[in-house]
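>>> what's the 3D shape of this:
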Amino acid sequence: MPDHDVKTVMADLGRRARKAAGALAIASTDTKNRALLAMADAIEANSAAILAANADDVARAKDNGITGSFIDRLELNGDRIKAMADGIRAIAALADPVGDVIAAWDRPNGLAIERVRTPLGVIGVIYESRPNVTADAGALCLKAGNAVILRGGSDSALSAAEIHAALSEGLAKAGLPEDAIQIVPTTDRAAVGEMLSGLSGNVDVIVPRGGKSLVARVQSEARVPVFAHLEGLCHIYVDKSADLDMARAIVVNAKMRRTGICGAAETLLIDRAAADTFAAPLIEALEAKGCLVRVDHDMIDYAKGREEANEEDWSTEYLDAIIAVKLVDGISGAIAHIGKYSSHHTEAVIAEDPAVVARFFNEIDSAILLHNASTQFADGGEFGMGAEIGIATGKMHARGPVGVEQLTSFKYLVRGSGQTRA
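Coordinates of the predicted model:
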């Protein structure tokens, strides 16, 4: 598609999204929920078409030489289709954030003030290989009263189009404008640039979900606010007070359950005081599941024959069955290492000593911190949010899983009885 045609198409999407946002902002909770439930039903009813489109996407990706964790992110099956539909139903079951009174107070002069949640307006979501983001993002934005423009990657274009068709079917059944959830009809990269420009003021927020290069481009070029994380460089620290069986189960799950998600652990830190007890069992458990283990120089005595980690490993998001392992001097050493290398996404501590846990929680500044639990719980659905539109690691407005509440802003309602200011 020529650049001038891309610009025209994108400008039209922006105008239509802004108009739809006005209707969504005043839509009732019941209407939005009816649309969501109809979307979930449509996804399941059209599962054969979605899976057929996905099979074509996967075959094309494999023909292009793509393998491993990328294919895992791209591929759908019956269980993942059901999970998509169930996620939308979970979003429908959530309380409607729009109109929620966050705080209320009275002033001495008699003014009554309320801070009330409102939709953000129009959200642009730019994502790569995961077709399920189409459903998650569309449903979350709708529940929060926002219109959304979805721009998926070329690798998942056919899958995303079929899922989007099911979402449109649900909107139509509830009498909501189908322009409430639009998908960019071209894979031309120029479309991304148009979205980042804000589409003449019609896009209020951009949410990127994808690899480091995509997120870096969005953060560099966007002319509207961005909710994003650059990468998920997640750590697990195993303290000398940890239960070994628990540590082994958590470490293996955090790394190997799904290696290609942003909540997968990339670095394992082991308390030096427990190296004799913990190092070999943890490494062997990871290797038994097919994980390549790279160890720092201090661990060679405990892990003979393993690859030695270098400086680059401590700042690498593998998104694969690879983990870097390091000995640290207790909780202080863990805090220092994480402070230097973390992307502020998710970190976990495995410990029974409450003082260690307190320091971990108080002194590490990441969006999600876990105690005695896998980093793979860094997910909006697991937090009871139904789903998430992404994980935000910034400190303004949204942080951690971005669910329906994070997709709202607020306004102040001030009620008086004739007051004037002196």
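>>> now do the helices in this protein.
When secondary structure is read from DSSP state H, the chain shows helices at 3-25, 29-45, 47-63, 69-74, 78-93, 132-143, 157-173, 190-197, 212-221, 244-256, 275-288, 330-341, 354-363.
>>> out of those, which is the most enclosed?
Of these, the one with the most neighbours on average (mean count of other C-beta atoms under 10 Å) is helix 132-143, at a mean of 28. (Glycine included, C-beta is placed from N, CA and C.)
>>> that one - contacts with which helices or strands?
In terms of contacts (3 or more C-beta pairs under 8 Å, 6 or more residues apart in numbering; DSSP states H and E), helix 132-143 is packed against helix 29-45, helix 78-93, strand 122-127, strand 147-151, helix 157-173, strand 181-183, strand 205-209.
>>> for the first one, name the packing helices and strands.
Applying 3+ C-beta pairs under 8 Å, 6+ apart, one finds that helix 29-45 contacts helix 78-93, helix 132-143, helix 157-173.
>>> so the longest one versus helix 47-63, what angle?
This points to helix 157-173. Compare the direction of helix 157-173 with that of helix 47-63 by axes from the mean of the first three to the mean of the last three C-alpha atoms, to 10 degrees and you get 160 degrees.
>>> residue 260 is nearest to which of the helices and strands packed on helix 132-143?
strand 205-209 (12.7 Å; C-beta to C-beta).
>>> give the rounded mean pLDDT of that closest one.
What strand 205-209 shows for mean pLDDT is 91.
>>> gap between it and the chain center?
Remark: strand 205-209 is offset 10 Å from the chain centroid, using C-alpha atoms, centre = their mean, to the nearest Å.
>>> could you give the angle of that strand to helix 190-197?
140 degrees.
>>> what sits up against strand 205-209?
Residues outside strand 205-209 that contact it (C-beta atoms under 8 Å, 6 or more residues apart in numbering) are 120-128, 130, 133, 137, 195-196, 214-215, 218-219, 222, 224-228, 389-390, 402.
>>> name the residues that touch the helix-or-strand element of the chain with minimal mean pLDDT?
Least confident helix or strand of the chain, by mean pLDDT, DSSP states H and E, is helix 69-74 with a mean of 84. The contact list for helix 69-74 (C-beta under 8 Å, 6+ apart) reads 54, 57-58, 61-62, 129-131, 155-156, 159, 258-261, 319-320.
>>> with stretch 219-230 instead?
Contacts for stretch 219-230 (C-beta under 8 Å, 6+ apart): 124, 193, 196-198, 203-208, 212, 215-216, 218, 262, 343-345, 367, 389-394, 396-398, 402, 406.
>>> if we use 7 Å, what do you get?
If you take C-beta atoms under 7 Å, 6 or more residues apart in numbering as the criterion, stretch 219-230 is touched by 193, 196-198, 203-208, 212, 215-216, 218, 262, 343, 345, 390-393, 398, 402.
>>> what comes up buried for it?
Buried residues in stretch 219-230, counting neighbours by 16 or more other C-beta atoms under 10 Å, are found at 219, 222, 224-230.
>>> any idea how the protein splits into domains?
According to automatic domain parsing, the chain is divided into the following domains: 3-227+402-414, 234-377.
>>> can you list those in JSON lines and add distance to residue 384?
Conversion of the domains of the chain to JSON lines gives the following (distance: least, C-beta to C-beta, whole Å):
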{"stretch": "domain 3-227+402-414", "distance to residue 384": "8"}
{"stretch": "domain 234-377", "distance to residue 384": "11"}
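>>> residue 385: which of those is closest?
Once the domains of the chain are compared by C-beta to C-beta, domain 3-227+402-414 is nearest, at 3.3 Å.
>>> next one: the closest one to chain centre, how far?
12 Å.
>>> shouldn't residue 138 be in contact with residue 168?
No: contact criterion C-beta atoms under 7 Å: residue 138 and residue 168 do not qualify, at 9.3 Å.
>>> which residues do these two both contact?
residue 181.
>>> closest to residue 296 out of the helices and strands packed on helix 132-143?
Nearest of those (C-beta to C-beta): strand 205-209, 31.9 Å.
>>> could you give the angle of that closest one to strand 122-127?
Using the same axes, to 10 degrees: strand 205-209 against strand 122-127 is 20 degrees.
>>> list the buried residues of strand 205-209.
For strand 205-209, by 16+ other C-beta under 10 Å, it's 205-209.
>>> output the residues you listed as a markdown table; include the columns distance to residue 187.
As requested, those are arranged in a markdown table below (distance: C-beta to C-beta, whole Å):
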| residue | distance to residue 187 |
| --- | --- |
| 205 | 23 |
| 206 | 18 |
| 207 | 19 |
| 208 | 16 |
| 209 | 16 |
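>>> could I get the helices and strands packed on helix 29-45 as TSV with distance to residue 72 and mean pLDDT?
Formatted as TSV, the helices and strands packed on helix 29-45 follow (distance: least, C-beta to C-beta, whole Å; pLDDT from 0 to 100):
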stretch	distance to residue 72	mean pLDDT
helix 78-93	10	95
helix 132-143	12	95
helix 157-173	14	97
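>>> turn those into a markdown table, columns for distance to residue 237.
Output for those, formatted as a markdown table (distance: least, C-beta to C-beta, whole Å):
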| stretch | distance to residue 237 |
| --- | --- |
| helix 78-93 | 31 |
| helix 132-143 | 30 |
| helix 157-173 | 38 |
